[in-house]
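>>> 3D, please:
(chains A, B and C)
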Amino acid sequence: MKKSEEQIQKDLLRPLFEASAGYWFAVAAAASLVLAGAGAMFYGFYNGIGVWGLNSPVFWAFDITNFVFWIGISHAGTLISAILRLANAAWRRPVTRCAEAITVFALSIGAIIPISHVGRPWLAFWMFPYPNERGLWPNFRSPLAWDFFAIATYLIGSISFLLLPMIPDFALIRDSTTGFRKKFYGLLSLGWQGTPRQWHRLETAMHVMAIVIIPVAVSVHTIVSWDFAMTPVPMWRSTIFGPYFVCGAIFSGIAALILAMALLRKFLRLEEYLQPMHFSNLGKLLLTFSLLWFYFTFAERLTTWYANEESEMNVFWSGVRGEFAPLFWAMVTLNFLIPVPILAIKRLRTITGTVVASICVVGGMWLERFLIVVPSLSRKYLPYAWGSYRPTWVEMILMASGFGLMALLYLVFSKIVPMIAIWELKVGMQEAHTGGAGEPAMACQASGKSVIGGASS
Amino acid sequence: MPHHWAMVVDVDRCTGCEACVVACHAENNLPTVGEDQAARGRAMHWIRVERYWEGEYPEAKLRFQPVMCQQCEAAPCEPVCPTYASYHTPDGLNAQVYNRCIGTRFCANACPYDVRFFNYFNPVWQKPLHLQLNPDVSVRSVGVMEKCTFCIQRIHAGEEKAKAEKRDLQDGEIKPACVQSCSPMALVFGDRDDPNSEVSRLSRSKRGVKLLGELGTQPNASYLQAND
Amino acid sequence: MKAIYALFPDPGSAQDAFDALRGSSSTTGIDAAKIVVVSSEPFEGYDFSVEDAGKSYMFPLAALGGIAGGGFGYWLASFTQQSYPLNTGGMPIVTSWTNGIIIYELTMLGAILTTLATLLVTAGLPNFKRQLSDPEIWTGKILVGVTDPPEGARAALEEKFRQAGALAVKDFSSTS
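So this is what the prediction gives:
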């Protein structure tokens, strides 16, 4: 199974130069979903948010559910790239770029929502601190202002985290193509040469970024959770929300990553690079987070039930055996009851198994966000003011278009950039030759010539 | 001396006639959203009369509870607005600045009394109802939050009149629309910092209770009800 | 800029060539600083890598950038709020807990942006001038070369390359 470097390059660069009919069909489908979503969004801008299903007292429903969902999905890249990079786990190499791409795209989709869900989106820029003569200044005590700073920082950080390791691969493509492509990739590669100095600086920068981006990611979803926890709404005012949301985010992120990898493996014919071992390892991580998610959910609900506080119990029972019971139990099934056996039993933790578990988790985590937002809002303190919620077709289209936009961005990305970082894969092979990551230089120098000289062709 | 506006609601006197609701609609240019939108839960009543049944027939008791913005001293809606559209005035009111509101609806979620309302559509008054609009009060556009203001336009008008006439405000001179139209006089409004005003006298009543007081919102409205 | 370079099949032979070139500066008259190594992947364990890379100040600079970002966050959340005529009816304007969140995020942003800037500056990017490179490096070969070699040293250099195990010796000119 040892592949030569030329073969690796050919395999990983092939998608950039070929596109099947199936690809164009997928792009057309995704693009039409995106267009439908844009249409629905402008329909909402023109007529008012009333075209959604929101009412009094349920002022947030699908819009914020989707926002938290996409920001949650965006935690995939951080975990895989940053933590595995710092832990020096060699198996991460083919997986990092897919993960980082998911982060950037999911975060971008999530970041659109706070701007488009407000009542007057054309004035959303008022949340940005700019000098003005209107006496306007953002309220830094508002969790929405924190959201702005946190998401902006995370977006800039993840875009850098994605773009930096792409530079050497762009240089590779620049030197392998001609004409327009050569100019385009020449520009993107910033004139990368490949001296040891440049490599060293790049790897150090990645190291620094990996260390910095982890606390940023943790803080982003904690701050998003504080959109809820900083209000006196029953079952929202809970200190567990910070860690609960971060755990849920990483959980849904790993599931999204597994799904993306499975699709790439199939459609870009990367069977030799994304191996069952990678899916099995990610499956183990998914299992860990499923158990952790269950722990947090159980702890939150146990403390609520034990306190038996009247307004909280109204919300609690509406979830467990009331109006929202079908959704609640579906969530528990999808997030825990189905994935855990699949992922815990080694024989079932195959590519198909992990994909099935991941689909369940993505659905279950969307339900979890919905069940955090809507039941609490529909049953606050004064029973006369209780309400209910039903989504309209506009919100359904907007939700579907979010998935369409994700697919479209990913499809376009896979045609411009090799989905597996070629140089990182080569370093991995190099480390495998010299006996594993972190082997000291002296051992290489002594035996390097014979080991590597023999292996390369 | 700055005023500190407060309201007292005598629940035992309220007959549930809802004249206050109608008066508020008329005074503050509230939109009537229509049957369809009201069925979806989007009715906008800055003051609403809640009806609670207690017990079973023939011992059933009906209690009416008018609920409007409590103008909380520690309002949960104020810290969460990203554009400071919801802020606290020095005379104890929670003010909503329509021009600053971009409609995130965070304040409405944070309000435990559910007294904040959102303009889901542009309000429309069928002719000739547009002639009935109050020129002292703005008409809010789509995407803006609104709520009871204790008829701040009447407060300002009263204060300016007293200043022009170079005298102090009398107790009972300023009446929000709901207070003015309440026939059993269940609603009382005034300056609670004035020890002689009816509001401060009634606030000290033994029957006085704060709605959802345990949440720590420090509302400026008190509810009087006999515990029987 | 002219250069003479050779392609090596593995880092071991590239290292031999590098050592040979460095050791021979007295005989061939080349400047050790003009020896260039180009590869398609990093070879961290090798001496030629360490020599060329030198010391990096990225960590301390990122820390400094973080402090700068934090300072900016403090100014933004604390001073600007006090300078604006904001009316909060008695509620505090400058609150440490919430300003702390803004300060934290901007600290991280400062560290990220400083790292990016340091990388671009120290790696010499962007650099769109024609540089010493060869498409062969992308197949795994390592390029070791000398820029602007002194006249007459060419034969000696070529000899040293071949001794170390070069697959090919070529000339490069940035003007061609």
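>>> Tell me how many other residues surround A:His331.
Check again: residue A:331 is Met, not His. Here the number of neighbours of A:Met331 (other C-beta atoms under 10 Å in any protein chain shown) works out to 22. Any C-beta I mention is one placed from the backbone N, CA and C, and that applies to glycine too.
>>> now do A:Ala421
A:Ala421: 23 surrounding residues under other C-beta under 10 Å.
>>> from what I can see it touches A:Asp169, true?
Yes - contact criterion C-beta atoms under 8 Å: A:Ala421 and A:Asp169 qualify, at 6.3 Å.
>>> Let me know the outermost residue of chain B.
Within chain B, B:Pro58 marks the point farthest from the mean C-alpha position, 34.1 Å out by C-alpha atoms, centre = their mean.
>>> And the pLDDT for that one?
Reported pLDDT at B:Pro58 in the predicted model: 87.
>>> how near is it to chain C?
Distance of B:Pro58 to chain C, computed by C-beta to the nearest C-beta, to the nearest Å: 50 Å.
>>> Equivalent analysis for B:Glu78, please.
Going from B:Glu78 to chain C by C-beta to the nearest C-beta gives 6 Å.
>>> now C:Ile102, nearest residue through space, not along the chain?
Nearest non-adjacent residue to C:Ile102, counting by C-beta to C-beta, 6 or more residues apart in numbering or on different chains: C:Ala77, 4.4 Å away.
>>> does that neighbour count as helix, strand or coil?
Under the three-state scheme (DSSP: H, G, I helix; E, B strand; the rest coil), C:Ala77 adopts helix.
>>> Longest helix of chain A, counting residues only.
Identified as the longest helix of chain A according to DSSP state H is helix A:196-229.
>>> repeat for chain C
Max-length helix for chain C by DSSP H is helix C:96-122.
>>> Off-centre distance for the very next helix or strand once past that helix?
Downstream of helix C:96-122, the next assigned helix or strand under DSSP states H and E is strand C:142-147. Relative to its parent chain, strand C:142-147 has a centroid offset of 17 Å by C-alpha atoms, centre = their mean, to the nearest Å.
>>> Next, give phi and psi for the residue of chain B found nearest chain C.
Closest to chain C within chain B is B:His88: 2.6 Å, counting by C-beta to the nearest C-beta. Per-residue torsions, B:His88: phi -110, psi 130 (degrees, to the nearest 10).
>>> mind listing what the spatially most central residue of chain C touches?
The centroid of chain C falls nearest to C:Ala123 when counting by C-alpha atoms, centre = their mean (2.9 Å). Going by C-beta atoms under 8 Å, 6 or more residues apart in numbering or on different chains, C:Ala123 touches A:Arg197, A:Gln198, A:Arg201, A:Leu202.
>>> In this structure the last one contacts A:Leu164, no?
Yes - counting by C-beta under 8 Å, A:Leu202 does reach A:Leu164; the two are 6.5 Å apart.
>>> Neighbour count for these two, which is higher?
A direct count of neighbours by other C-beta under 10 Å for A:Leu202 and A:Leu164 places A:Leu202 higher, at 22 against 18.
>>> Okay, now the unreliable bits of chain C?
C:52-53, C:89, C:176 (pLDDT under 70).
>>> Could you pull up the contacting residues of A:Glu309?
Taking C-beta under 8 Å, 6+ apart as the test, what A:Glu309 contacts is A:Pro234.
>>> can you give me the helices for chain B?
Using DSSP H, the helices of chain B run over residues B:19-27, B:35-39, B:106-110, B:152-164, B:177-181, B:198-203.
>>> Of all those, which one comes closest to chain A?
For the helices of chain B, distance to chain A was read as C-beta to the nearest C-beta. The smallest value, 4.0 Å, belongs to helix B:106-110.
>>> The closest one vs chain A: in contact?
Yes - with C-beta under 8 Å from any C-beta of the partner chain as the criterion, chain A is reached by helix B:106-110 at B:Phe106, B:Ala108, B:Asn109, B:Ala110.
>>> want to try CSV for these, with neighbour count as columns?
Compiled in CSV, the residues of helix B:106-110 next to chain A are given as follows (neighbours: other C-beta atoms under 10 Å in any protein chain shown):
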residue, neighbour count
B:Phe106, 25
B:Ala108, 25
B:Asn109, 27
B:Ala110, 24
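>>> What is the nearest of those to A:Gly50?
Nearest to A:Gly50, judged by C-beta to C-beta, of the residues of helix B:106-110 next to chain A is B:Ala108 at 14.6 Å.
>>> Quick check, pLDDT for the one residue in chain B that gets nearest to chain A.
Nearest residue of chain B to chain A, counting by C-beta to the nearest C-beta: B:Gly103, 1.9 Å away. Reported pLDDT at B:Gly103 in the predicted model: 94.
>>> Burial check on the residue nearest to it when sequence neighbours are not counted, number of neighbours?
Of all residues not flanking B:Gly103 in the chain, A:Gly119 sits nearest, at 1.9 Å (C-beta to C-beta, 6+ apart). A total of 22 residues lie near A:Gly119 under the criterion other C-beta under 10 Å.
>>> wait, isn't A:Gly119 in contact with B:Cys107?
No - judged on C-beta under 8 Å, A:Gly119 makes no contact with B:Cys107 at a distance of 11.6 Å.
>>> Mutual contacts of those two, please.
B:Met145.
>>> Just the CA coordinates for the strand or helix carrying A:Lys183, please, in PDB.
Here A:Lys183 sits within helix A:179-188, counting by DSSP H and E. Taking Å, rounded to 0.1, in the frame of the first residue of the first chain, the C-alpha atoms of helix A:179-188 are listed here in PDB:
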ATOM      1  CA  GLY A 179      -2.100  29.400 -17.900                       C
ATOM      2  CA  PHE A 180      -4.800  30.900 -15.800                       C
ATOM      3  CA  ARG A 181      -4.600  28.200 -13.100                       C
ATOM      4  CA  LYS A 182      -0.900  28.900 -12.700                       C
ATOM      5  CA  LYS A 183      -1.500  32.600 -12.200                       C
ATOM      6  CA  PHE A 184      -4.400  32.000  -9.800                       C
ATOM      7  CA  TYR A 185      -2.600  29.600  -7.600                       C
ATOM      8  CA  GLY A 186       0.600  31.600  -7.900                       C
ATOM      9  CA  LEU A 187      -1.300  34.500  -6.300                       C
ATOM     10  CA  LEU A 188      -2.800  32.300  -3.600                       C
END
